[in-house]
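Trainee: turn this into a structure:
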Amino acid sequence: FQMGSSIGEEDEEPVHNVTLDGYWIAETEVTQELWESVMYSTIEDINNSYGWGLYGFGDNYPMYYVNYFEALEFVKKLSKLTGRTYSLPTEAQWEFAALGGNKSNGYVFSGGDVVDKFAWYYDNSKESVHPVKSKGPNELGLYDMSGNVWEWCLDWYGSYSDMPQINPIGSDGGSSRILRGGGWSSYDENCRVTDRGRNAPDYHRSNNGFRIVCNVTD
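Mentor: Residues are numbered from 1 along each chain as shown. Sure, this is the predicted structure:
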């Protein structure tokens with residue numbers, strides 16, 4: 001697929017050809033129920049520890065206040081519990097899925113060109129996360145890849161290469177890890193499927209969460 005955009009932000013260029021092996025990707029962001037069942041902690045526990053405030057809670061709400069290292073710890077524990085190999089998606093895996101994979105219609109947002117139909121973001125979220133699957137899916141049946149919470153990816157943030165790539169894993173190093181999709185406090189432009197966000201890997205935010213991928217061979 002063609003990754004990136006020539007009409008977005010500067011770091012979305014150059015558009016370049018990427019080839020990926022097959023993979024499974026979660027239908028939704030990791031929910032608070034799934035997090036609790038794996039990590040034995042709740043969003044209320046985190047809030048009680050730090051006093052940051054809650055922006056929506058319940059079994060079907062996405063987990064948030066998760067930094068990159070905690071997301072990695074989750075997939076490590078989930079892999080051990082299930083005997084399958086789970087991971088965070090690479091940035092390329094994330095973008096291909098958000099675009100709709102091989103069924104893509106080339107929409108601006110994940111699922112369509114009208115952001116309100118597919119994303120919880122600044123203009124409609126009322127300063128809160130929302131239950132997963134409460135907006136429309138994209139062409140692959142994936143929900144909330146635009147909006148609700150930003151999603152951690154495996155890669156370090158860095159510049160794109162213009163060379164064709166196979167299963168890219170991003171920059172060799174850096175100070176920030178990739179986040180994708182925009183969140184409930186983001187503007188609509190941050191919910192575009194090609195927009196690139198980033199944070200220090202140890203940083204907690206009220207609109208940072210994640211979804212997981214799994215090897216097809218597992």
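
Trainee: what about the longest helix seen in the chain, average pLDDT?
Mentor: Among the segments of the chain that qualify as a helix by DSSP state H, the longest is helix 68-82. Averaging pLDDT along helix 68-82 yields 97.

Trainee: same check, this time on stretch 202-218
Mentor: If you average the pLDDT over stretch 202-218, you get 92.

Trainee: got a list of what the residue positioned nearest the centre of the chain touches?
Mentor: Centroid-nearest residue in the chain, with C-alpha atoms, centre = their mean: Glu151, separated by 2.5 Å. Residues near Glu151 by C-beta atoms under 8 Å, 6 or more residues apart in numbering: Glu29, Pro89, Trp94, Met145, Leu179, Arg180, Gly181, Gly209, Phe210, Arg211. Yep, even glycine has a C-beta here, placed from its N, CA and C like the rest.

Trainee: taking helix 68-82 as reference, get the angle to the host helix or strand of it.
Mentor: Taking DSSP states H and E as the definition, Glu151 sits inside strand 150-156. Per axes from the mean of the first three to the mean of the last three C-alpha atoms, to 10 degrees, the angle that strand 150-156 makes with helix 68-82 is 90 degrees.

Trainee: list the buried residues of strand 150-156.
Mentor: The neighbour-count check on strand 150-156 (16 or more other C-beta atoms under 10 Å) flags Trp150, Glu151, Trp152, Cys153, Leu154, Asp155, Trp156 as buried.

Trainee: gap between the residue nearest to the centre of the chain and Val66?
Mentor: Between Glu151 and Val66 the computed distance is 10 Å (C-beta to C-beta, to the nearest Å).

Trainee: which neighbours do these two share?
Mentor: With contacts defined as C-beta under 8 Å, 6+ apart, the residues adjacent to both Glu151 and Val66 are Gly209, Phe210.
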